[in-house]
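# Build me a model:
(one chain, ligands or ions: 2)
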Amino acid sequence: MSRLWIKEGSFITMASHQPEVLRGHMVVEDGVIQYIGENEPAASVQEQAVIINGQGLLFMPGLVNTHGHAPMSLLRGFSDDQKLQVWLQEKMWPMEAKYSEADTKAGSDLAIAEMLLSGTTTFVDMYDRMEQVAQASIDAGIRAFLARGMIGLGSVEEQVSKLEDAVAFAKQWNGAGEGRIQTMLAPHAPYTCPPAFIERIVQAAHDLDLPLHTHMSETSAEVQQNVDDYGKRPVDHLEELGFFTRPALLAHAVHLTDDEIAKLAQLDASISHNPISNLKLASGVARVPELLRAGVKLSLGTDSAASNNNLDLFQEIRAAALLHKGVSGDPTVVPAHTALALGTSMGAQAIWHNHIGTLETGKAADFIAINIDQPHFFPRTDLVSHLVYAANGRDVEHVWVAGKQLVKHRQLLTMDEEKIRSEAQASFERLLT
Ligand SMILES: CSC[C@H]1O[C@@H](n2cnc3c(O)ncnc32)[C@H](O)[C@@H]1O
Ligand SMILES: [Zn+2]
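Ligands and ions are numbered 1, 2, ... in the order given. Have a look, this model is predicted:
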């Protein structure tokens, strides 16, 4: 039995999405939170516990990044300041087509290292070569929800083969890494997957009892194309193809009508809001205040480092809190506690995960410690405000997933950071040739 006692720290539990600060103690046994509260644990519990001195640290649930493409970290800074379709078709896809398995692994390691060091303990990823992402996640010890993304622009035979690959991946890896890896099926987008292909994928998701993930309504051009091609906007189109008969996670969902928002709430769909990627690609601004008001399951994602250009979810939390105030002219929308919930407890809910996202007895011990003995956390007016408006990923001092420490004093314990940096550089240079 392994036991950890976090002694005398500040805790933001996010229980019921509420970010009250608790001063006290937490006990973790075999990867699960056994106790969190103001009182010291009993002497019998203190015995045999590894003690972490919590002074000067703020403990909170690990961050949940609900949309990204880890291997694309190799393309950070390769092509900035482009519109989505030009960026994808002329810059990303030709480079991604050259990826070897080693490159996919190098990009995955780079992304996971960056996420862990900035406090993300669970990430969602969609890529067309997923084995390396899965293995890298297991080796690093991070929690991940993975899907082999499918672009169906080729022949039907090609679509069938991609779906077979995706199904094999989903079956092989679901539950791997002592349950830290989960899988879904992912048509890349309605504009890259013909309707019959999406229907086949939905059927496979039913057969395997898996959720679905896709990009949807990221740009206005894509919505218009959907109307031109199929006579409907993407929400109705996907509904007609049965997409929402499975638990569904939609990345972006920027361009939505009032009716679509109401429908997504009624269908219980989840959305990954990616504010920084949407800004950088000039895709638009998602209707977050309306989505929250409608009760849609909302969460935050970075998208890839090629369109962000980092994987620091604290920056997404801050962007979500600021952007919608600016756009709406209402400073009360997306208050700090909601922004923090979006990156933690609401993120967990959006990916249907009951065991992470809050610090409560019985939950998985996925948590991070923030070094709050730094000038930008003073004075101690409101720690939630400081986390949302003043913090960034470099303030993360320690990280645990399932009770195992993965980052200690800003150093990765399960990954070789220097090797990861040099392999990423070597891979990128190879891709350029
Ligand atoms: C085939 S799976 C993943 C695929 O998605 C592409 N991608 C990356 N970012 C975006 C985005 O913002 N919108 C749509 N598609 C995106 C990328 O090329 C990956 O290969
Ligand atoms: Zn994406």
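
# how deep is Arg143 tucked in, by neighbour count?
The criterion is other C-beta atoms under 10 Å. On that basis, Arg143 has 23 neighbouring residues. Glycine gets a C-beta too; all of them are placed from N, C-alpha and C.

# Distance from the helix or strand of the chain with the lowest mean pLDDT to the middle of the chain?
For the chain, scoring each helix and strand by mean pLDDT, DSSP states H and E identifies helix 43-46 as the least confident one, at a mean of 91. The gap between the average C-alpha position of helix 43-46 and the chain average comes to 36 Å, counting by C-alpha atoms, centre = their mean, to the nearest Å.

# Just the buried residues of it, please?
By neighbour count, and taking 16 or more other C-beta atoms under 10 Å as the criterion, the buried residues in helix 43-46 are Val45.

# Can you name every helix or strand that it contacts?
Using 3 or more C-beta pairs under 8 Å, 6 or more residues apart in numbering; DSSP states H and E as the contact criterion, the elements in contact with helix 43-46 are strand 3-12.

# Let me see the contact set for the residue of the chain found nearest ligand 1.
Of all residues in the chain, the one sitting closest to ligand 1 is Gly149 (2.3 Å; C-beta to the nearest ligand atom). Applying C-beta atoms under 8 Å, 6 or more residues apart in numbering, one finds that Gly149 lies in contact with His69, Met126, Tyr127, Asp128, Ala186, Pro187, His188.

# Quick check: closest non-adjacent residue to it.
Met126 (4.0 Å; C-beta to C-beta, 6 or more residues apart in numbering).

# Please apply the same query to Pro195.
Distances taken as C-beta to C-beta, 6+ apart put Leu241 closest to Pro195, at 5.6 Å, once the chain neighbours are dropped.

# was I right about the one you found contacting Ile198?
Yes. Counting by C-beta atoms under 8 Å, Leu241 does reach Ile198; the two are 4.7 Å apart.

# Tell me, how many residues neighbour the residue nearest to Pro195?
In terms of burial, Leu241 registers 21 neighbours under the definition other C-beta under 10 Å.

# counting contacts, what elements does the one helix or strand Gly326 maps to pack onto?
Assigning secondary structure by DSSP states H and E places Gly326 in helix 313-328. Under the contact criterion of 3+ C-beta pairs under 8 Å, 6+ apart, the helices and strands touching helix 313-328 comprise strand 63-65, helix 275-280, helix 288-294, strand 297-300, helix 336-343.

# Show me which residues of the stretch 101-250 of the chain sit near ligand 1.
Neighbours of ligand 1 within the stretch 101-250 of the chain, by C-beta under 6 Å from any ligand atom: Met126, Tyr127, Asp128, Gly149, Ile151, His188, Ala189, His215, Glu218.

# what's the most buried one of the helices and strands packed on helix 313-328?
Per residue and on average, the most neighbours among the helices and strands packed on helix 313-328 fall to strand 63-65, with a mean of 31 (mean count of other C-beta atoms under 10 Å).

# can you pull the buried residues of the helix or strand just after that one?
Sequence order places helix 84-86 as the next helix or strand after strand 63-65, per DSSP H and E. Along helix 84-86, the positions that meet the burial threshold by neighbour count (16+ other C-beta under 10 Å) are Leu84.

# same thing with stretch 365-382?
Using 16+ other C-beta under 10 Å as the test for burial, stretch 365-382 gives Ala365, Asp366, Phe367, Ile368, Ala369, Ile370, Asn371, Ile372, Phe377.

# Mind checking the pLDDT average for that stretch?
For stretch 365-382, mean pLDDT rounds to 98.

# where does that stretch sit relative to the chain's centre, distance-wise?
22 Å.

# do stretch 47-67 as well
Going by C-alpha atoms, centre = their mean, where stretch 47-67 is centred and where its chain is centred differ by 19 Å.

# Please say whether there is contact between it and ligand 1.
No. Judged by C-beta under 6 Å from any ligand atom, stretch 47-67 makes no contact with ligand 1; its nearest approach is 8.6 Å.

# State the distance spanning the first to the last residue of that stretch.
With C-alpha to C-alpha, to the nearest Å applied, stretch 47-67 spans 41 Å between its terminal residues.
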